[in-house]
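In: Predicted structure and sequence below. I'll ask about it afterward.
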Amino acid sequence: MGFRNTFDRMIAAREKQARRYVNGALLSLDDETLKKAGYSRDEIKKRGSAVYPF
């Protein structure tokens, strides 16, 4: 039972990290492209982002 809880928390942490990475990539796009894709820069900023060097 402890292993499952640990595993679930690890998966949740990786999902959060992935969302932050994607949000960072989306923020590199211009506002018009974001709008066409159904995103707003302010909403992405609220969700948080992480910028990783390529």
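Out: Received, thanks. Numbers count the residues shown, from 1 in each chain.
In: do you know how far the residue sitting nearest the centre point of the chain is from Gly2?
Out: Centroid-nearest residue in the chain: Arg19, 2.1 Å away (criterion: Cα atoms, centre = their mean). Applying Cβ to Cβ, to the nearest Å, the value for Arg19 to Gly2 is 26 Å. For every residue, glycine as well, the C-beta is placed using N, CA and C.
In: for Ile11, same thing?
Out: 15 Å.
In: what about those two, which has more around it?
Out: Neighbours per residue, other Cβ atoms under 10 Å: of Ile11 and Gly2, the larger number sits with Ile11, 10 against 6.
In: Mind giving me the packing neighbours of the strand or helix carrying that one?
Out: Per DSSP states H and E: Ile11 is located in helix 2-27. Judged by 3 or more Cβ pairs under 8 Å, 6 or more residues apart in numbering; DSSP states H and E, the packing partners of helix 2-27 are helix 41-47.
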